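Chemist: heads up, no residue letters with this:
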């Protein structure tokens, strides 16, 4: 059990170091030696968990989807808003998420499959939009697959713009504005009027999600994980 805990901690340390280097230098310029130095682990320890720089990058890309999730909402459109605003908040506060986004947007990352995050977020959006449609929350003309792609693509552009201008300092405001502009063409007026699209929504959802995660961990018997 102690060895398993150490292995988990070592993997987390390596991923955190990789995220730091990838965010600072980009995929092409980052080197395994830099990541080793930052992590303070041996080459053997790194290669036990990750076989290559590409494998490390995929680990960082996948890590941004872990741990925190938005609690289910009665309104699936509110749930979509909460997913988007939570991601905006995490981009401002979580180096791992920033590194994952930097990698997914890095057009110079030769040989790295960057499609994963876009496909995963598209799937999340599509499922929630389909459920919203089934609940009568969407306007008649809406095609969920198209709307999911528009939201994911628009968020990618907005966050990239915010990063270039002010290192994400105004991101939650820009994302709130994005939601206010896009959703009136998607959501029926009665549902739209009930949605919380405010800039503080992401931080509130983050606190709620963290509280739920902590409670779930405390409820898990020791050794069950």
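Modeler: It's in. Bear in mind that the values here come from a model prediction, so they are computed numbers and not experimental data. Numbers count the residues shown, from 1 in each chain.
Chemist: Quick one, grab the pLDDT at residue 57.
Modeler: As summarised for this prediction, residue 57 has a pLDDT of 90.
Chemist: try residue 4
Modeler: 79.
Chemist: Check residue 222 too.
Modeler: Looking at residue 222, the pLDDT reads 56.
Chemist: cool, and residue 67?
Modeler: At residue 67, the predicted lDDT confidence score is 58.
Chemist: Next: residue 105.
Modeler: 86.
Chemist: Report the contact partners of it.
Modeler: 114, 156, 160 (Cβ atoms under 8 Å, 6 or more residues apart in numbering). The way it works is simple: take the backbone N, C-alpha and C, and place the C-beta from them, glycine included.
Chemist: Make sure residue 132 is actually in contact with residue 80.
Modeler: Yes. Proximity of residue 132 to residue 80 meets the contact threshold set by Cβ atoms under 8 Å, at 7.3 Å.
Chemist: Looking at the two, which one has more neighbours?
Modeler: Applying other Cβ atoms under 10 Å to residue 132 and residue 80 shows that residue 80 carries more neighbours, namely 28 against 24.
Chemist: can you pull the contacts of that one?
Modeler: With Cβ under 8 Å, 6+ apart as the criterion, the residues that contact residue 80 are 125, 128, 129, 132, 151.
Chemist: what's the most distant pair in those residues?
Modeler: Across the contacts of residue 80, no pair lies farther apart than 132 and 151, at 12.1 Å, counting by Cβ to Cβ.
Chemist: what about residue 89, helix or strand, and which?
Modeler: Assigned by DSSP states H and E, residue 89 belongs to helix 76-93.
Chemist: buried sites along the next helix or strand after that helix?
Modeler: Taking DSSP H and E as the definition, the helix or strand that follows helix 76-93 towards the C-terminus is helix 95-104. Under the neighbour-count criterion of 16 or more other Cβ atoms under 10 Å, helix 95-104 has 96, 97, 98, 99, 100, 101, 102, 103, 104 buried.
Chemist: Spatially, what comes nearest to the fourth one if we skip its sequence neighbours?
Modeler: In space, residue 99 comes closest to residue 19 once its chain neighbours are excluded; the distance is 3.5 Å by Cβ to Cβ, 6 or more residues apart in numbering.
Chemist: Quick check: that neighbour touching residue 94?
Modeler: No. Contact criterion Cβ under 8 Å: residue 19 and residue 94 do not qualify, at 9.2 Å.
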